[in-house]
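K.L.:
give me the fold of what follows.
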Amino acid sequence: TYQMAEMKDEEREKRSLPTSEEQLEAIGSGTFNYITLATLILFNVAYGMEILVTNICYRALPRTKWGMTSQDRASLISVAYMGFIVGALVSGFLADKFGRKPIMILHSCVFCPFTVWSAMSFDLATLYVTRFVVGISIGVMLPVAVSLITELALPSRRGGMILAVPGLGFILGEILVLVVGLIVMQDYLECKEDCGWWRWVFVAGVVPNLIAMFVIIFYIPESPRYLLLIGETEEAEKVVRQIAVANGAEDRLLDGGRIAPLQLETRKVSALELLQPPICWDFLAIVIAWTLFGLGIYGTNFLAPILLETDYNFSPHWQFAMLLIFVVFQGLSCIFLIWVADMPNLGRLFLVLCQCLIAVPLLAGAGFAMGQSLYLVGPLVLGGMCAANAAYQCFYIYAAERMPTSHRALGIGAANGLSKTSAVAGPLLLAALLAATPHGTTFLVLAGSVAVGAAVMVASSTETLGKALSDRPDRTEERPLSESTPLL
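P.N.:
Numbering: from 1, shown residues only. Below you'll find the model as predicted:
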């Protein structure tokens, strides 16, 4: 009886300890948080590059030598996103089995050599295979990076930091590929086809990825929430103390850095549970809305370079310069969104809906105005692109906060991967529409896609701002953020 009483006292003491979220909030932001955020953004530069690199380099490829047709342009873009879907669908399983940090390192070990190999391709088959493998690598990395920043961010600043990882990485990747292209193509100004500059543009993303890999190997620890999830409470406490030391905030630790263990019955989950009540309704709503928003952003990124070539006869140099202007404005809209993401009176769904209300009329207006002056069509496309991108990126916050602890990495990976079906099918669909209908029709399709996505979101989603993260699919413990619950 005495031993049982001691065990009960010990159990009560553990439950009264601070949660991992409370410890991170007490430590506050500092050097560790900024280096971690910058590192994960560098990893996601590859994601941004993949959006543009094949499309804008198409005219420089040896098209005649390789026997390429116009359909190969869309197919090369789609094959990378086919790989992305495969990678994203397995990323949650890998991250839960082996940890967040090892998967980020694995990504670099695959991404860097295959990116170099794709830049050295001397036939079309090699380019298809290497772009597919690069897509798998990025698909594995992106959901794990979002999970990692979700688990390391301060609860009060989580929304902005989640948004910054894919959002700023996306923008910086596009900027990098366009700037490198503008620099290296100077030696090929008279070249119309089979221009060597495309190889340098393809390989540009390796450098930021190598930097990020070394930082995560030697500086960034494993996620403390993952360690709690597998029962390694002492290791999680060591990580929290390491973060406090890096931020010069050892004196702010609660209870000497001790953490309450997670109260989860089991850590083994099945992917099939994502399709079973009660979690299936949230998961399916996220996938459908995210996919429809994805068609808006991936579609505009596919169409813009093509229309600058065909409808407005831009040279490669001016095409890159114009796209760079577009990307800079996208970056400014992303920074604004990061700034407002954690404001107490602006919910996640409200922000998404506002962006949709901007994107739909602008994209529709671009469709009706297509063929008119670029001074009219350009701002409409730019505004619609920025708003559609903002709506899509906001869903990273919503998915990370809405998925429960037991399914977070798996749910984010599966939902993000399935949403990339729009990136696979979009170029093929839009290429067919460009060939068969007036070019403005494509933008009307994109406007309709974003509008339907907004309707799905409004009809079936629940606000997450101001709520503590849930541990279990039944959400029986869901409560306001002030009554904190462990993140994982």
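K.L.:
so who does L94 touch?
P.N.:
L94 makes contact with 103, 106, 140, 144 under the criterion C-beta atoms under 8 Å, 6 or more residues apart in numbering. Every C-beta, even on glycine, is put in place using the N, C-alpha and C of the backbone.
K.L.:
which two from those residues end up farthest apart in space?
P.N.:
L106 and V144 (9.5 Å; C-beta to C-beta).
K.L.:
host element of L37?
P.N.:
Using DSSP states H and E, the element containing L37 is helix 31-43.
K.L.:
the helix or strand M385 falls within packs against which elements?
P.N.:
If you go by DSSP H and E, M385 is part of helix 374-402. Applying 3 or more C-beta pairs under 8 Å, 6 or more residues apart in numbering; DSSP states H and E, one finds that helix 374-402 makes contact with helix 124-152, helix 158-184, helix 279-310, helix 316-340, helix 348-369, helix 408-419, helix 440-460.
K.L.:
which other residues reach the shortest one?
P.N.:
This points to helix 408-419. Helix 408-419 has contacts (C-beta under 8 Å, 6+ apart) with 84-93, 95-96, 100, 139, 142-144, 146-147, 150, 269, 271, 274, 279, 283, 286-287, 290-291, 293-294, 396, 399-400, 403-404, 488.
K.L.:
now a ChimeraX select for only the buried ones of those.
P.N.:
Buried residues among the contacts of helix 408-419 (16 or more other C-beta atoms under 10 Å), as a ChimeraX selection:
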select :84,85,86,87,88,89,90,91,92,93,95,96,100,139,142,143,144,146,147,150,269,274,279,283,286,287,290,291,293,294,396,399,400,403,404,488
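K.L.:
could you measure from D251 over to E21?
P.N.:
Counting by C-beta to C-beta, to the nearest Å, the gap from D251 to E21 is 19 Å.
K.L.:
what does F93 give?
P.N.:
F93 sits 25 Å away from E21, going by C-beta to C-beta.
K.L.:
spit out the contact partners of the residue nearest to the spatial centre of the chain.
P.N.:
Nearest to the geometric centre of the chain sits P166, at 3.8 Å (C-alpha atoms, centre = their mean). By C-beta under 8 Å, 6+ apart, the contact set of P166 is 44, 47, 142, 145-146, 393, 396.
K.L.:
please repeat the previous calculation with a cut-off of 7 Å.
P.N.:
P166 sits next to 44, 47, 142, 146, 393, 396 when contact means C-beta atoms under 7 Å, 6 or more residues apart in numbering.
K.L.:
tally of neighbours for the residue nearest to the third one when sequence neighbours are not counted?
P.N.:
Nearest-residue entry for L142: Y47, 5.7 Å, with adjacent residues in sequence omitted and distances by C-beta to C-beta, 6 or more residues apart in numbering. One way to gauge burial is a neighbour count; for Y47, by other C-beta atoms under 10 Å, it gives 22.
K.L.:
these two touch, right, Y47 and L172?
P.N.:
No. Judged on C-beta atoms under 7 Å, Y47 makes no contact with L172 at a distance of 9.8 Å.
K.L.:
V377 touches F368, doesn't it?
P.N.:
No. Judged on C-beta under 7 Å, V377 makes no contact with F368 at a distance of 9.8 Å.
K.L.:
about what we covered before: please identify the helix or strand for the residue nearest to L142.
P.N.:
Using DSSP H and E, Y47 falls within helix 45-57.
K.L.:
tell me what that helix is packed against?
P.N.:
Applying 3 or more C-beta pairs under 7 Å, 6 or more residues apart in numbering; DSSP states H and E, we find helix 45-57 packed against helix 70-98, helix 124-152, helix 158-184, helix 197-203, helix 279-310.
K.L.:
so where's this structure uncertain?
P.N.:
Along the chain, the parts satisfying pLDDT under 70 run over 1-15, 187-191, 263-271, 405-406, 461, 464-488.
K.L.:
what sits against L163?
P.N.:
By C-beta under 7 Å, 6+ apart, the contact list for L163 reads 337-338, 341, 393-394, 396-397.
K.L.:
also G159?
P.N.:
Contact partners of G159, counting by C-beta under 7 Å, 6+ apart, are 341-342, 397.
K.L.:
which one (most neighbours) among these?
P.N.:
Per-residue neighbour counts (other C-beta under 10 Å) across the contacts of G159 peak at I397, which has 26 neighbours.
K.L.:
pretty sure it is touching A341, no?
P.N.:
Yes. With contact defined as C-beta under 7 Å, I397 counts as touching A341 (6.5 Å).
K.L.:
related to what we said a few turns ago, what about the helix holding L37, distance to the chain center?
P.N.:
15 Å (C-alpha atoms, centre = their mean, to the nearest Å).
K.L.:
for that helix, buried residues please.
P.N.:
For helix 31-43, the buried set under the neighbour-count rule, 16+ other C-beta under 10 Å, comprises 32-33, 36-37, 39-43.
K.L.:
again with stretch 356-369
P.N.:
Residues of stretch 356-369 classed as buried by neighbour count (16+ other C-beta under 10 Å): 356, 358-360, 362-367, 369.
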